[in-house]
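# Pasting a predicted model and its sequence here:
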Amino acid sequence: MTDSWIAPLLLPWFERQGRKDLPWQLQRDPAGYRVWLSEIMLQQTQVATVIPYFERFLARFPDFGALASANLDEVLSLWAGLGYYARARNLHACARQVMDIHDGSLPHDLDQLMLLPGIGRSTAGAILSLAFDRNAVILDGNVKRVLCRAFRVPGWSGNAAVQKKLWSLAQQQTPEVDCAKYNQAMMDLGATLCGRSKPDCQRCPLQQNCEAYAHNEQGLYPQSRPKKQRPERHTWMLVHRFGNEVLLQKRPPTGIWGGLWSLPELDSLEGLSDWQLDNLGVAVDLADLESNRLRHQFSHFDLFISTVTIDMPQPFSKLACVYESDTFICLPLERLAEYGMPAPVARLLADMGQ
């Protein structure tokens, strides 16, 4: 690490304006659990959204041991609505490895941290600096934005060459003294004054040396991802209903909404009759079905969900798929919140219960 021009300007601002009362900052944690949990939740998610999830998670799983011993379904249910569910699965797997391999505390080594599920280079650096006060470099989305503007770094930040340049700048600018404060200050600056739109340059402590500001090009950096046609996907979801109960099916452990409880899905209704007989042993009259359609946006594509409601002629408890399999369950509408499920499915079923 070399001398940083950013640090002398940024650290005094952080002492005056930085965020020091976030829930994961209020208590020192020798195991690194609170910082680790917050950093995983903050990946691609804003602080205001994360705080209530963090507090609920911490109340239920106060340490690595509690999280490692929990059932994945319970972890996913508390995560539901936060999105990017691979983070929750990695969180659970990581807690178990920390208990099995590292005696209940995160390692103080960059390479060992990066071997744990869900921890990349920047997250590992944040854990080392913020939890253990070690010298380490970070490069999250907020830091990328500050560096792109301060040094007018051209190109999309997801490009490998641009990533390499940004890591080099981050390494160059990170000071050996007050590393934890510097890293937190960079994240705070990117999240507040140097936000995506309408950066508040007049209050920014880096204004005097910021190249984008000097050229009046703040709005051009960081450069956007090259545009391409936003893909669309389509699926049919089956709402099987008997009284106030609905049938849920557990999704595969990987992929979209991996491990969550959801509604059974089909690519089209052409296979509905066969699916009904194969899985439920109950025929269905396609002419009597009610259908609806909704759209759910992911980061990289739009999912169009067509739903069809099927009133069952007999209780779910009489179906072999329910009492002989662990991939189907029937639940009263009032108990759905106990199970982790995709946000659009939860909203759809909540509307049914009103």
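Cool, got the structure. Residues are numbered from 1 along each chain as shown.
# for this structure, which residue is closest to the average position?
For the chain, the residue nearest the mean C-alpha position is Tyr84 (4.1 Å; Cα atoms, centre = their mean).
# and the gap between that one and Ala343?
Going from Tyr84 to Ala343 by Cβ to Cβ, to the nearest Å gives 12 Å. Yep, even glycine has a C-beta here, placed from its N, CA and C like the rest.
# now the helices for the stretch 151-300 of the chain?
Taking DSSP state H, counting those that start in this stretch as the criterion, the stretch 151-300 of the chain carries its helices at 160-173, 179-191, 211-214, 272-275.
# Distance to Phe54, mean neighbour count and mean pLDDT for those - can I get that in TSV?
Output for the helices of the stretch 151-300 of the chain, formatted as TSV (distance: least, Cβ to Cβ, whole Å; neighbours: other Cβ atoms under 10 Å; pLDDT from 0 to 100):
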stretch	distance to Phe54	mean neighbour count	mean pLDDT
helix 160-173	25	16	96
helix 179-191	15	23	96
helix 211-214	33	17	97
helix 272-275	40	14	87
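# quick one, which of those is nearest to Thr254?
Nearest to Thr254 among those is helix 272-275; the distance by Cβ to Cβ comes to 22.1 Å.
# For that closest one, name the packing helices and strands.
strand 232-242 (3 or more Cβ pairs under 8 Å, 6 or more residues apart in numbering; DSSP states H and E).
# List the contacts of the strand it packs on.
Residues from elsewhere that reach strand 232-242, judged by Cβ atoms under 8 Å, 6 or more residues apart in numbering: 246-247, 262-269, 272, 275, 280, 301-312, 314-316, 330, 345, 348-349, 352.
# Give the other helices and strands that the least confident helix or strand in the chain by mean pLDDT contacts.
Ranking every helix and strand in the chain by mean pLDDT, DSSP states H and E puts helix 320-323 at the bottom, with a mean of 76. On a contact count with 3+ Cβ pairs under 8 Å, 6+ apart, helix 320-323 meets strand 328-332.
# pLDDT of the strand it packs on, averaged?
Across strand 328-332, pLDDT averages out at 89.
# Which residues are in contact with Glu245?
Contacts for Glu245 were tallied using Cβ under 8 Å, 6+ apart; they are Pro315, Phe316, Cys330, Leu331, Pro332, Leu333.
# could you redo the last one with a cut-off of 6 Å?
Glu245 makes contact with Phe316, Cys330, Pro332, according to Cβ atoms under 6 Å, 6 or more residues apart in numbering.
# Pro222 versus the residue nearest to it when sequence neighbours are not counted, what's the distance?
Leaving out its chain neighbours, the residue that sits closest to Glu245 by Cβ to Cβ, 6 or more residues apart in numbering is Cys330, at 4.9 Å. Per Cβ to Cβ, Cys330 is found 49 Å from Pro222.
# which one of the two has more residues nearby?
Pro222 (22 against 19; other Cβ atoms under 10 Å).
# give me phi/psi at the more buried one?
When read as degrees, to the nearest 10, the backbone of Pro222 gives phi -70, psi 150.
# For burial, what's the neighbour tally of the closest residue to it other than its chain neighbours?
Closest residue in space to Pro222, ignoring its immediate chain neighbours: Cys148 at 3.7 Å, by Cβ to Cβ, 6+ apart. When neighbours are defined as other Cβ under 10 Å, Cys148 has 26 of them.
# Likewise for the one 5 residues further on?
Neighbours of Val153 under the rule other Cβ under 10 Å: 19.
# how close does it sit to Met41?
Counting by Cβ to Cβ, the separation of Val153 from Met41 is 27 Å.
# Can you pull the domain assignment for this structure?
What automatic domain parsing lists as the domains of the chain is 6-197+205-220, 232-353.
# Would you check how far apart Ala180 and Ala126 are?
Counting by Cβ to Cβ - Ala180 and Ala126 are separated by 9 Å.
# for Trp24, same thing?
11 Å.
# of the two, who's got more company?
Neighbour count, other Cβ under 10 Å: between Trp24 and Ala126, Ala126 has more, with 27 against 22.
# does that one really touch Glu39, like I thought?
Yes: counting by Cβ atoms under 6 Å, Ala126 touches Glu39, with 5.0 Å between them.
# Alright, I will stop here.
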